[in-house]
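A.B. asks: Here is a sequence with its predicted model. Questions after.
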Amino acid sequence: MNDIQNALSRRDYADSLLPEGRLDEALAILGGEVLPIFEAADEAREVAITQGRIADVMVAQGRLDEAMALQTERLPAVTALGDQEGIAHILYSMANIRLARGEHDNGGLQQIYEELAQAFQISCEHGQPDAVGGIGLLLVQVLAMGGLRDEAVETLNVVEDAFTTLRDTDGLGHVRALRDALEG
C-alpha cells in the first residue's frame, strides 16, 4: 500500500473513532499522521478534506477559535480547486462555529447570514438536496433571528422540497417544527 492509500485508510479509521467519542485519538491520527503525508505529496484536495475533518474534531472538543482558523485557512485552497461543494461546506461550518461562539448576539448575525446564504445558494445550484436541507434548516433559523419571517418561510419551502425528495422523515419533522415556530 502506498503512502496516499495508507493515509486515506488512516483518515477513514480516524473518522470511525468519532462516534465512539475518541476525539483525541482521531485528532492525533489526522494531524500527526494523515495531514503530513498529503502535504508532502502536494495533494491539495486531500489536505483540505483532512483539515476540514480536523476542524470538525476541534469543534466537538470545544476548540472553536482553532477550528475557525483552520476553516478560514482552507477556504482559499478549496476555492482555488473550484470545489463548490467544499466551499458550501466550509461556509456552513464557519457559520455554525460563529453561532456556537455566540457571535449572533454580538453583531455577527449578518456575517452568519451571508455565509449560510452563499452555502445554500451553491447547494441549490448544484442540486444537492441533502446539503440544501441541512444548510437551509440553519438558514431559516438565522433569518428568523433577524426578523425576516417571510424569507424564512420561503426558504423553509425549499428545504421541505429537498427533504421530500430525499424521503427524509426526520428532516421533514424539523421543517414542521420550524414552520410551527414561525407561525406561532
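C.D. replies: On my side now, so go ahead.
A.B. asks: in this protein, which spans are helices?
C.D. replies: 3-17, 23-29, 35-40, 44-60, 64-81, 84-100, 109-125, 129-145, 149-166, 169-183 (DSSP state H).
A.B. asks: Where does pLDDT dip in the protein?
C.D. replies: 1 (pLDDT under 70).
A.B. asks: most centrally placed residue in the chain?
C.D. replies: residue 93 (3.6 Å; CA atoms, centre = their mean).
A.B. asks: Enumerate every residue touching the nearest residue to that one once chain neighbours are set aside.
C.D. replies: Sequence neighbours aside, residue 71 is the residue nearest to residue 93 in space, at 5.4 Å (criterion: CB to CB, 6 or more residues apart in numbering). Quick note: C-beta positions are derived from backbone N, CA and C, even for glycine. The contact partners of residue 71, by CB atoms under 8 Å, 6 or more residues apart in numbering, come to 52, 55, 90, 93, 94, 97.
A.B. asks: Please apply the same query to residue 101.
C.D. replies: 64, 65, 68.
A.B. asks: any idea how far residue 167 is from the first one?
C.D. replies: By that I understand residue 64. 34 Å (CB to CB, to the nearest Å).
A.B. asks: Between the two, which is the more surrounded one?
C.D. replies: residue 64 (17 against 8; other CB atoms under 10 Å).
A.B. asks: Quick check, the residue nearest to the centre of the chain in contact with residue 54.
C.D. replies: No - using CB atoms under 8 Å, residue 93 is not in contact with residue 54; the gap is 11.6 Å.
A.B. asks: Need the residues touching each of the two.
C.D. replies: Joint contacts of residue 93 and residue 54 (CB under 8 Å, 6+ apart) do not exist.
A.B. asks: State the distance from residue 182 to residue 149.
C.D. replies: Where residue 149 is concerned, residue 182 sits at a distance of 6 Å (CB to CB).
A.B. asks: of these two, who's got more company?
C.D. replies: Looking at residue 182 and residue 149 with other CB under 10 Å, you find the greater number of neighbours at residue 182, namely 16 against 12.
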